[in-house]
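K.L.:
Below are the sequence and a predicted model; questions follow.
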Amino acid sequence: MTSDPSRSINPVLLAKTKERIEGEVKLASLARLKGILLENEGELKYSFAFEIDESGICVVNSDIQTRLILECQRCFKPIEIELQKSSILGVVNEKDEFDTLAKEYEPLQLEGGVTTLQELIEDELLLSVPLSILHPVNECSGVEDLNRINAEAKLQPFAGLASLLKNKD
Ligand SMILES: [Zn+2]
């Protein structure tokens, strides 16, 4: 089964018939990722399998896979990461149900019992995208700048002392 990711879905209904929805979505269409990605070209593969577990909880087996271009926080140049995340989401209707949910489940609270695949995808992505990412030291052009700044910072106190000594006379 495939579906338009922005269309509203009811996980409980889908779980009753054990539906599985797979597809691809353009990263550019994921609104909540704006500002996180340096470039939004590319696609994301997703798979969601819905079922009711033994205790009657609606479960969504989620799997997303993509390649993201983020910004190195040291040199501000692109850095590419492969991202794959599998999660088991347990649907909760009320806040107090969070505690009763099995530990291996991530709580998924729904408004009015419905959501969209896009919401699910964005939630999963936002949980797994690193907030601060750096190139390895030997591949990052920001390291030289950083070394220079550090070196200048070290020299500075002596320069200050020199001028202080001069003014003494
Ligand atoms: Zn870098």
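P.N.:
Okay, I see it.
K.L.:
Contact residues of the chain facing the ion?
P.N.:
Residues of the chain lying near the ion by C-beta under 5 Å from the ion: Cys72, Arg74, Cys75, His135, Cys140, Gly142. (Glycine included, C-beta is placed from N, CA and C.)
K.L.:
from those residues, which has minimum pLDDT?
P.N.:
In terms of pLDDT, the lowest of these is Gly142, showing 84.
K.L.:
mind listing what that residue touches?
P.N.:
Cys72, Arg74, Cys75, Phe76, Lys77, His135 (C-beta atoms under 8 Å, 6 or more residues apart in numbering).
K.L.:
Which pair of the residues you listed spans the longest distance?
P.N.:
The two members of those with the most space between them (C-beta to C-beta) are Phe76 and His135, at 10.6 Å.
K.L.:
quick one: Asp63 and Leu44 touch, right?
P.N.:
No - assessed by C-beta atoms under 8 Å, Asp63 is found out of contact with Leu44, at 10.8 Å.
K.L.:
the more surrounded of these two?
P.N.:
Between Asp63 and Leu44, Leu44 has the larger neighbour count (other C-beta atoms under 10 Å), namely 22 against 15.
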